[in-house]
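Enquirer: only geometry, no sequence info:
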């Protein structure tokens, strides 16, 4: 059936839907822009609220500073007699009455004396504890009395035992050492066992006596102050440390938390876990930074089913580095927008659903056609050219692609069949070549043996009757015959290795003994050239291999090393066991070496280079290394050659721990050696 639909037609049909979707996208974009505008307004609102909280907080703390500064100045200037306990305590009481945010004021002397007025909130109203410590030489007198807001005695003055020393308190150190401009971090007060902060100022109490004037603010009072600020902003306000400990929050006014901190004197501030699940904890966790920096900034979050806008901002007041947090319900400033946003979201969602369903209906023909293409391509990839799915109705472009794939598959099938026929023919040609070489070598060797035999017989029986020139000719005949016999034997060995499918028979043998026997066999050659022979194979090193092919491999490599090493050179043979159990054998000579081109063709049959006069002067047909390579492949021995011209050649073979039989490759059967064998030829970097 001819295809009716095209991709262009489908797009024309889908265009109205796309236009509608684009319109909705524009509407949605407007909503997003409005949302961002609203978010910007919300950020500005939160910054304003935070600025209000920070301003009120710094004013609250500055009030304590002003009271302390005024007292220190009055004592230093002598306006107040710091040594008159009654006058000083009454003045401190007046300061507490004037500053309700202060829970206590005191003067600590450098000799350990102390005057203290503490405000206590009771059901009957504010009550004040007056405490004095006078230290004279080794005596210590502690006096305590209670008065009401009219400075009337409630409890008469009485003595008590008290180990309090003002010089050991944090506020004394803050004033005398200039820490945080006289402010302390939150700590547990000695008398009330409640957490709070203090501000202290140094003063001169007359003569050489120095003293410190301090004022306390409990964290409970600070939390009540923040509770009042929450009513101003219609949300939540709190004060935190950089590491998330709570300084002031409405939760801090709970008696359970205050009592818990009072009992645990080692901890002045509650953790988030002490407060439990709360909006404060949600705001902190929403601002956690992976980099560990201060989690300041604006954020929107959900808590307890409602949305909130929150911001954490730093407050740096005279050395106190804390965080002020503000959180307000999102429904407050943004409630009108939420309804509109939800309606638009539902509208856009419905239109998007219609668009998706329309797209699925339009894409079905494309998907089915692509699936047929995928199935056919998978079959072609694995060489299956039967039962390919035929093109069906659908889009024109998809059908044309399917037809092109089928045509390609048919052409590929024809090419693969032709390639297989050519491969079979090449294999048969290789077998015929090997058989021809074997038969011809046998036919040549038979008359050649006769020539050599008769020549040797003539040399033994009639040499005395011949002239010197005739004896020289006879020696040349014998030498050339033996040389030709050696060449024929190499050709026979090459043909035998190509056609032999039998695997080696592994048996334990000592490498050192094999090397010594080869050395004795080649003794005449290396002795004539005065070559130094170094055998570095350990006497007890054994391998499990077929001795015949291994001996042939080592013989070929050592013969080449001796043949192509100039007189007075050196041939070295080393072997060692590796960590993986394999045995590494290295044969190194100081001979003529090989060029990069000669090294690349070293294992190619009959590729012996004649451009090097030293190579041309030595006999051979270029089958020694190819035969060695074929034997190594059969024994699963990796062989590597490295060489430099005029610097020598190094042959390395790696005998595996457990060699196994492998079958000849197609290249071996055909008598073809690849240009880059599987063992990888490695050139020296300096070549």
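Expert: Received, thanks. Remember, predicted model here, so these are calculated numbers, not experimental data. Numbering: from 1, shown residues only.

Enquirer: domain-wise, how is the protein divided?
Expert: 7-57+334-373, 58-329, 502-670 (automatic domain parsing).

Enquirer: out of those domains, which is closest to residue 432?
Expert: Set against residue 432 and scored by C-beta to C-beta, the domains of the chain come closest in domain 502-670, at 10.7 Å. To be clear about C-beta, it is placed using only N, CA and C from the backbone, and glycine gets the same treatment.

Enquirer: take the domains of the chain and write them to JSON lines, including mean neighbour count, distance to residue 464 and mean pLDDT.
Expert: Listed next are the domains of the chain as JSON lines, based on neighbours: other C-beta atoms under 10 Å; distance: least, C-beta to C-beta, whole Å; pLDDT from 0 to 100:
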{"stretch": "domain 7-57+334-373", "mean neighbour count": "14", "distance to residue 464": "92", "mean pLDDT": "69"}
{"stretch": "domain 58-329", "mean neighbour count": "17", "distance to residue 464": "105", "mean pLDDT": "85"}
{"stretch": "domain 502-670", "mean neighbour count": "17", "distance to residue 464": "26", "mean pLDDT": "82"}
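
Enquirer: do you know which of those lies nearest residue 384?
Expert: Comparing the domains of the chain by C-beta to C-beta, domain 7-57+334-373 comes nearest, at 14.9 Å.

Enquirer: is residue 534 in a helix, a strand, or coil?
Expert: Three-state assignment for residue 534 (DSSP: H, G, I helix; E, B strand; the rest coil): strand.

Enquirer: of all the domains of the chain, which lies closest to residue 430?
Expert: domain 502-670 (3.6 Å).

Enquirer: quick one on the thing from earlier: want to try JSON lines for the domains of the chain, with distance to residue 382 as columns?
Expert: JSON lines is the format used below for those (distance: least, C-beta to C-beta, whole Å):
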{"stretch": "domain 7-57+334-373", "distance to residue 382": "16"}
{"stretch": "domain 58-329", "distance to residue 382": "49"}
{"stretch": "domain 502-670", "distance to residue 382": "21"}
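
Enquirer: which stretches of the stretch 301-450 of the chain form helices?
Expert: Per DSSP state H, counting those that start in this stretch, the stretch 301-450 of the chain carries helices over the ranges 331-381, 396-462.

Enquirer: and residue 479, which of the domains of the chain is closest to it?
Expert: Closest to residue 479 of those is domain 502-670 (C-beta to C-beta; 10.1 Å).

Enquirer: please state the offset of that closest one from the chain centre?
Expert: Relative to its chain's centre, domain 502-670 lies at 46 Å (C-alpha atoms, centre = their mean, to the nearest Å).

Enquirer: got it, and stretch 171-185?
Expert: 47 Å.

Enquirer: what residues does that stretch touch?
Expert: Stretch 171-185 has contacts (C-beta atoms under 8 Å, 6 or more residues apart in numbering) with 61, 65, 68, 108, 166, 170, 197-202, 212-214, 268, 317-320.

Enquirer: how long is that stretch end to end?
Expert: 9 Å (C-alpha to C-alpha, to the nearest Å).

Enquirer: please apply the same query to stretch 600-607.
Expert: 10 Å.

Enquirer: same question for stretch 314-324.
Expert: From its first residue to its last, stretch 314-324 covers 6 Å (C-alpha to C-alpha).

Enquirer: going forward, count from 12.
Expert: Got it, first residue is 12 now, which makes that one stretch 325-335.

Enquirer: neighbouring contacts of that stretch?
Expert: Applying C-beta under 8 Å, 6+ apart, the set of residues contacting stretch 325-335 is 61, 64-65, 68-69, 72, 76, 190-194, 196, 248-253, 258, 305-307, 323-324.

Enquirer: that one: how far from the chain's middle?
Expert: In terms of C-alpha atoms, centre = their mean, the centre of stretch 325-335 is found 39 Å from the chain centre.

Enquirer: just the ones of the contacts of stretch 182-196 in strands?
Expert: 119, 208, 209, 210, 211, 212, 213, 223, 224, 225, 328, 331 (DSSP state E).

Enquirer: farthest-separated two in the residues you listed?
Expert: Top of the distance list for those (C-beta to C-beta): 119 and 328, 23.4 Å.

Enquirer: quick revisit: closest one to residue 439 among the domains of the chain?
Expert: Residue 439 lies closest to domain 513-681 among the domains of the chain, at 9.4 Å (C-beta to C-beta).

Enquirer: list the contacts of stretch 578-587.
Expert: 522, 526, 537, 540-549, 552, 569, 572-573, 576, 594-602.

Enquirer: repeat that with 7 Å
Expert: 522, 526, 537, 540-548, 552, 572-573, 576, 594-602 (C-beta atoms under 7 Å, 6 or more residues apart in numbering).

Enquirer: sorry, back to before: CSV for the helices of the stretch 312-461 of the chain, including distance to residue 141?
Expert: Formatted as CSV, those follow (distance: least, C-beta to C-beta, whole Å):
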stretch, distance to residue 141
helix 342-392, 48
helix 407-473, 98
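
Enquirer: assign a three-state SS to the spatially closest residue to residue 550 that is not a sequence neighbour, would you?
Expert: With sequence-adjacent residues excluded and distances taken as C-beta to C-beta, 6 or more residues apart in numbering, residue 550 is closest to residue 523, at 5.0 Å. For residue 523, the assignment made with three-state DSSP gives helix.

Enquirer: thought residue 120 was touching residue 222?
Expert: Yes. Assessed by C-beta atoms under 7 Å, residue 120 is found in contact with residue 222 at 4.7 Å.

Enquirer: pull up the overlap in contacts between those two.
Expert: Joint contacts of residue 120 and residue 222 (C-beta under 7 Å, 6+ apart) are residue 216.

Enquirer: strands of the stretch 462-611 of the chain, start to end?
Expert: Using DSSP state E, counting those that start in this stretch, the strands of the stretch 462-611 of the chain run over 518-521, 543-547, 553-556, 581-588, 594-600.

Enquirer: which stretches of the stretch 12-161 of the chain form helices?
Expert: Using DSSP H, counting those that start in this stretch, helices in the stretch 12-161 of the chain cover 18-88, 96-109.

Enquirer: quick one: the last one to chain centroid distance?
Expert: Here the centre of helix 96-109 is set off from its chain's centre by 67 Å, with C-alpha atoms, centre = their mean.

Enquirer: so which elements touch it?
Expert: On a contact count with 3 or more C-beta pairs under 7 Å, 6 or more residues apart in numbering; DSSP states H and E, helix 96-109 meets strand 115-120, strand 125-133, strand 136-147.

Enquirer: what's the closest of the ones you listed to residue 476?
Expert: Residue 476 sits nearest to strand 115-120 of all those, at 140.7 Å, using C-beta to C-beta.

Enquirer: report the angle between that closest one and helix 96-109.
Expert: Angle of strand 115-120 versus helix 96-109, following axes from the mean of the first three to the mean of the last three C-alpha atoms, to 10 degrees, is 150 degrees.

Enquirer: neighbouring strands for strand 115-120, and are they parallel or not?
Expert: Strand 115-120 pairs in its sheet with strand 125-133 (antiparallel), strand 221-229 (antiparallel), by DSSP bridges.
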